[in-house]
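S.K.: Generate a structure from the sequence data that follows.
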Amino acid sequence: MFYLALLLLALPQSPVKGPPGRLIVLEKSAATARLMDTVSGRVLATVEVGDGPHEVALAPDWRGAVVANYGRQTAGSSLTLI
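M.R.: Just a heads-up that it's a prediction; the model follows:
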């Protein structure tokens with residue numbers, strides 16, 4: 001399985017405080033974003049996103065994220081709010 005982008009959400013040196021040990025994994029082929037617990041490896045949630053998810057950005061208050069979807073090699077792209 002190919003994971004296009006990984007973003008560790010709780011880096012020790014990060015100025016943003018939030019739950020430790022969380023990871024958002026984007027899977028391009030399945031067009032999903034998964035919230036995972038890095039300690040147990042457990043999937044906490046899976047969310048469908050648009051075609052070709054590529055990057056994810058977390059809200060400063062940890063209440064949401066935005067996924068940039070590149071699409072399928074055609075004009076146009078989208079954002080998914082989580």
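S.K.: Tell me how far the nearest residue to residue 70 once chain neighbours are set aside lies from residue 37.
M.R.: Of all residues not flanking residue 70 in the chain, residue 52 sits nearest, at 3.9 Å (Cβ to Cβ, 6 or more residues apart in numbering). Heads up, the C-betas are built off the backbone N, CA and C, glycines and all. For residue 52, the distance to residue 37 equals 26 Å [Cβ to Cβ, to the nearest Å].
S.K.: between those two, which one's more packed in?
M.R.: Using other Cβ atoms under 10 Å as the criterion, residue 52 and residue 37 rank with residue 52 on top: 19 against 14.
S.K.: which ones are touching the more buried one?
M.R.: 28, 31, 69, 70, 71, 72, 77 (Cβ atoms under 8 Å, 6 or more residues apart in numbering).
S.K.: By pLDDT, give me the weakest of these.
M.R.: Within the contacts of residue 52, residue 72 has the lowest pLDDT, namely 73.
S.K.: Just give me the neighbour total for that one.
M.R.: Neighbourhood size, residue 72 [other Cβ under 10 Å]: 11.
S.K.: how near is the nearest residue to it once chain neighbours are set aside to residue 37?
M.R.: Nearest-residue entry for residue 72: residue 51, 5.0 Å, with adjacent residues in sequence omitted and distances by Cβ to Cβ, 6+ apart. Residue 51 sits at a distance of 27 Å from residue 37 (criterion: Cβ to Cβ).
S.K.: same thing with residue 78?
M.R.: The gap separating residue 78 from residue 37 is 28 Å, by Cβ to Cβ.
S.K.: sorry, back to before: quick one, phi/psi of the residue nearest to residue 70?
M.R.: With angles defined as degrees, to the nearest 10, residue 52 sits at phi 70, psi 50.
S.K.: And it, what's its pLDDT?
M.R.: Predicted confidence (pLDDT) for residue 52: 89.
S.K.: before we move on, what about residue 68?
M.R.: On the pLDDT scale, residue 68 is placed at 90.
S.K.: Run a quick neighbour tally on it.
M.R.: A total of 18 residues lie near residue 68 under the criterion other Cβ under 10 Å.
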